[in-house]
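In: Here is my input, please return the structure:
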Amino acid sequence: MTFTKWSQIRDEQIERIGREEFEAGKEQMLAEARGWRLAEIRRRGLTQAQVAERMGRRQEPGQPDRAGPGVHAGGAGPVCGGARRAAEPDG
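Out: A predicted model of the protein is given here:
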């Protein structure tokens, strides 16, 4: 069985679909992965406030402490940098 390295076909594939579409797809996949990671962190017992603190944010008073659909499957997009820090393993 032979394998082709991504680095060998990357430029050709990006040219085929267009850089803008490639970057949009990449960002969507990363946001979804971060969302799933945040959901996993919540399942392990961290509260929303603890996740917010880890992200360098503060949970607003009166906000419910629950993980909803926005935490997962791409919900990390709106909080981009903070979600990235919280969702990465050594974040």
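In: in the protein, which spans are strands?
Out: Counting by DSSP state E, the chain has no strands at all.
In: pLDDT averaged over the longest helix along it - what is it?
Out: Longest helix of the chain, by residue count under DSSP state H: helix 19-43. Across helix 19-43, the average pLDDT comes to 92.
In: Name the residues of that helix that are buried.
Out: Residues of helix 19-43 classed as buried: 30-32, 34-39, 41-42 (neighbour count, 16 or more other CB atoms under 10 Å). C-betas here are computed from N, CA, C, even on glycine.
In: Just the pLDDT at residue 64, thanks.
Out: 59.
In: typo on my end, it should be residue 57
Out: 74.
In: Residue 7 versus that one, what's the distance?
Out: Using CB to CB, to the nearest Å, one gets 36 Å for the distance from residue 57 to residue 7.
In: more neighbours, those two?
Out: residue 57 (16 against 7; other CB atoms under 10 Å).
In: That one and residue 49: what is the separation?
Out: Residue 57 is 10 Å from residue 49, by CB to CB.
In: Could you do residue 34 as well?
Out: For residue 34, the distance to residue 49 equals 19 Å [CB to CB].
In: same deal with residue 19?
Out: 39 Å.
In: What segments of this structure are helices?
Out: 6-17, 19-43, 48-54, 80-87.
In: now the shortest one: mean pLDDT?
Out: With pLDDT averaged residue by residue, helix 48-54 scores 80.
In: in that helix, what counts as buried?
Out: In helix 48-54, counting by 16+ other CB under 10 Å, buried: 48, 51-52, 54.
In: export the residues you listed to JSON lines and tack on distance to residue 11?
Out: Output for the buried residues of helix 48-54, formatted as JSON lines (distance: CB to CB, whole Å):
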{"residue": "48", "distance to residue 11": "42"}
{"residue": "51", "distance to residue 11": "38"}
{"residue": "52", "distance to residue 11": "40"}
{"residue": "54", "distance to residue 11": "37"}
